[in-house]
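Enquirer: Below is the structure, and that's it, no one-letter string:
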């Protein structure tokens, strides 16, 4: 697949994920919007507001400003930034938040169809480029963000589903790529140690620790890994996404159970 084709796949996956999210939001009752989610400090309204904020930024909306108070769930500059969209929409009607997502995502989609991106290394537009993101990074992150938040809302409102969509496959594969870092840096894997991660519906991912302590992918099949982790897609995504409802006991650990447990306990790779 060429870089241009890969970028188009990201765009298509993001667009289908946005449509899935909009269909879910249209189905919510007014009381659903006040339900707490897995994300500390955020209810369903906050998540939808966050998505509206980011889709607006990529779709040409004016940059928003808000005074972000100190709060236990805001622990980083990125957290302060994402809270802005929540604060500016706290009193907005659900219908207006939905319409905002629909309007600005459509504008952005039309732009991407009219002028398809070709260079993944080119600076991303607007504020994302200002913080150092490339076009490839932005286009790859948007379907992950949208699909993960669709799932947050589904769990909060008791509407399971959408686990086999393009967004689901994209997100799990994306998050699987971070296991090498977890193995080497967060779980303290020794040089030469290997992990194979088997997530239902995906090819196995294998990583090893180099002599200088880096976790790197292993291209060839690993016949006798130090540890093997097996899980269904939802369990893996919840753990790697740092969601409160994640259940580590649903991961099967084969081999070095001590190392495997450390990896599972430190699997959250989202900022």
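Expert: Everything's here; your move. Quick caveat, the model's predicted, so the values are computed rather than measured.
Enquirer: how far does stretch 126-133 sit from the chain's center?
Expert: Here the centre of mass of C-alpha atoms in stretch 126-133, compared against the chain's by CA atoms, centre = their mean, to the nearest Å, lies 18 Å away.
Enquirer: do the same with stretch 217-235
Expert: 21 Å.
Enquirer: cool, and stretch 183-197?
Expert: Taking the mean of its C-alpha atoms, stretch 183-197 sits 23 Å from the chain's own mean (CA atoms, centre = their mean).
Enquirer: What mean pLDDT does that stretch get?
Expert: Mean pLDDT, computed over stretch 183-197, is 97.
Enquirer: Now do the end-to-end distance for it.
Expert: Between the opening and closing residues of stretch 183-197 there is a gap of 11 Å (CA to CA, to the nearest Å).
Enquirer: List of residues touching that stretch?
Expert: Applying CB atoms under 8 Å, 6 or more residues apart in numbering, the external contacts of stretch 183-197 come out as 176, 179, 204-215, 218, 222, 225-231, 236, 256, 259-260, 262-263, 265-266. For the C-beta atoms, the positions are set from N, CA and C on the backbone; glycine is no exception.
Enquirer: again, only using 7 Å
Expert: Contacts made with stretch 183-197 from outside it, assessed by CB atoms under 7 Å, 6 or more residues apart in numbering, are listed as 176, 179, 204-211, 213-215, 218, 222, 225-229, 259, 262-263, 266.
Enquirer: Just the buried ones among those residues, please.
Expert: Neighbour-count burial (16 or more other CB atoms under 10 Å) applied to the contacts of stretch 183-197 gives 176, 179, 204-209, 215, 218, 225-229, 259, 262-263, 266.
Enquirer: In helices only, show me the residues you listed.
Expert: Mapping the buried ones among the contacts of stretch 183-197 onto helices (DSSP state H) picks out 176, 179, 259, 262, 263.
Enquirer: unless I'm mixing things up, the second one is touching residue 205, no?
Expert: Yes. Under the criterion of CB atoms under 7 Å, residue 179 makes contact with residue 205 at 6.2 Å.
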